[in-house]
Structure formats: C-alpha cells, structure tokens
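[1] Give me a 3D structure for the following:
(one chain, ligands or ions: 1)
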Amino acid sequence: MLPLPEGISLQAVNGVSLLRFNSLTDGTGARAWFTTRRGGVSVPPYATLNVGFHVQDDPEAVRENRSRVWSALGVSGEQVVGAEQVHGKKVRLVAGQDAGCGADDAAGAIPGTDALVTQQAGLVLTAYYADCVPILLLDPTSQSGGVVHAGWKGTALKAPAEAVREMQSAYGLEPQTCRAVIGPSIGRCCYEVDDRVLVPMEEAFGSGLKDLAEGTTPGHARLDLWKANRTSLLEAGLRPENILVSGLCTACHTDWFFSHRAEHGRTGRMMAVLTL
Ligand SMILES: [Zn+2]
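    Below you'll find the predicted structure:
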C-alpha cells in the first residue's frame, strides 16, 4: 500500500485509481486529484493509465485513458484545460474561452506554460507529470486555484511562487489563507543530481541550498525538490500549516506511479486535476 499522509485518500472509481487531495479542498466547493498508473488500457512501458500524448504511446489509448479519468471524476473533456509544459515559470490565467484546450490532443494545448490558474468555477485545470513536482494551489478567500508543474528547472525558477504572485495581482489571492499540496514526485531518496542542477539551485536558494541538498560524492548531492518548492511557497507568504507535502516518491513506487528516472525515460504520465 501507499504510505498516504492525512489529507490524501486513495479511491478507485470504475477501476481507475486516483489520489484525492482532501486537505486542499475541504470546506470549499473545489475538488483536486492526482491520477496513478492504474486503471487504463496502455501497454508497457506506458501501462496502463498513461494520460500524456507526447510520450509515443498510442494516441487512441491515451484518449481512452483520459476519457476514463474524466468519467471517474464526473467531468467532461469540454471543461478541461491543459498546457504544453516547457520547464519555465510562465503562468497563464485561464477562463471560459480556454475550455477544451488540450483535452483530446497535444496540438490544442495552451503553448509554453507550466502553471494554469483560474477563478472560473467548472473549468478543469490539468497538468502532467512523471517525477516532476505537482503543486496545487487553492485560496478559499479569493476562490481561485491553480496547478503548477515544476521539475528542477521550475523549482529553481520558483514557479509556484510566481503562480501565487500572479493570483495575488489578478484575483486578490490572500497568501495567509492560500493552501497548497506538493504531490507525488521524485523524492530525495531517489534523486541524486550533479552541478548542472546544483549550481542553478544555489543561485535560486543561496545558502538555503544546504538544507535542500545532501552531498554524496564530489559535485553530487541528493536534492529535495519537495522542500525547495515548500520554501518558495513560504517565501511567497503561505503559512507552513497550509502546505501539505505528500511525501510520495514516484521512483520508490513504480507499481503506482510512472517515474521518468526509475524507468529510464520510457514511461507514461500522471495528471494533476483541479476544479473549483
Ligand atoms: Zn524514492
């Protein structure tokens, strides 16, 4: 079984296994999930619930998998918004006219964006992952929310903090009430990196890097992307008690999750989903 923290539950709906981020949405009308790799039709190395179109899986299988997810969540593909993720920090404010973008193919996705934020109820914001860090945001005060994709580049760019700031200026987000979940992604246990990653991380986090990276051999360290993104969110004004780190490592649990690193780059994608 997965070691789930309080605030996250595992559900199976018509055979599709999903994590539900209850602590993010409790007491609001919003709902938030993260898909696992269980419950789809794709064959190895994408077995089975691959929802990414850009990984050379059969597009028909991906469409079927996505359709199973929409059905399990009780949403329609016409409400879905997805982006072409590029490891940047650009934030896109999405509204009604974006509904359906990127739902059924990669070509229709919003280009060049790693964070989708909205105040529009009924839209279904999505983002796609295999080891990169999902950050979901929900602010009950301004009734706004967002999904952020942050690999090491987005983490060094402090992409989630950028999303918080954009939501502050566009929607009146209140950092003191804003909640966040840092979802399943590669943990420090399985993420040894070299100077190519550590140098930009040090530029971003300064002396704070020593709390995020544990040295192994010269020029190498195990990097804690969860703590780094939590640090960015704290810098953006969120309260520590409003940030839940799921603590679920995708590379440790390849029976539940796709892992780019553990599966040597040939694998599928999971999806984070948020609807207000
Ligand atoms: Zn691990």
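
[2] Show me which residues of this structure sit near the ion.
    G187, C189, C190, C249, A251, C252 (CB under 5 Å from the ion). Any C-beta I mention is one placed from the backbone N, CA and C, and that applies to glycine too.

[3] and with 8 Å instead?
    Counting by CB under 8 Å from the ion, the chain comes close to the ion at I186, G187, R188, C189, C190, Y191, C249, T250, A251, C252, H253.

[4] number of nearby residues for the last one?
    Other residues lying near H253 total 18 when counted by other CB atoms under 10 Å.

[5] residues touching the residue nearest to it when sequence neighbours are not counted, list them.
    Ranked by CB to CB, 6 or more residues apart in numbering and with sequence neighbours excluded, the top spatial neighbour of H253 is L2, at 6.3 Å. Contacts for L2 (CB atoms under 8 Å, 6 or more residues apart in numbering) come out as L10, L248, H253, W256.

[6] Who are the contact partners of the first one?
    Residues in contact with L10 (CB under 8 Å, 6+ apart) are L2, L4, S17, L18, L19, R20, T36.

[7] of all those residues, which comes closest to R266?
    T36 (18.3 Å; CB to CB).

[8] pLDDT wise, what is the nearest residue to that closest one once chain neighbours are set aside at?
    Nearest in space to T36, with sequence neighbours left out and distances taken as CB to CB, 6+ apart, is S17 at 4.4 Å. If you check S17, the pLDDT there is 98.

[9] Compute the number of surrounding residues for S17.
    Neighbour number of S17 under other CB under 10 Å is 18.

[10] got the phi/psi numbers for the spatially most central residue of the chain?
    Central residue of the chain (CA atoms, centre = their mean): P134, 2.0 Å from the mean position. The phi/psi pair for P134 (degrees, to the nearest 10) reads phi -90, psi 130.

[11] now do the one 3 residues further on
    In terms of degrees, to the nearest 10, the main-chain angles of L137 are phi -120, psi 140.

[12] Is the closest residue to it other than its chain neighbours part of a helix or strand, or is it coil?
    Closest residue to L137 apart from its sequence neighbours, by CB to CB, 6+ apart: G146 at 4.5 Å. With DSSP: H, G, I helix; E, B strand; the rest coil as the basis, G146 sits in strand.

[13] isn't G146 right up against M167?
    Yes - applying CB atoms under 8 Å, one finds G146 in contact with M167, separated by 6.3 Å.

[14] tell me, what's touching the two both at once?
    Common neighbours of G146 and M167 are listed as V117, L137 (criterion: CB under 8 Å, 6+ apart).

[15] neighbour count winner among the two?
    Taking neighbours as other CB under 10 Å, G146 and M167 compare with G146 leading, 30 against 27.
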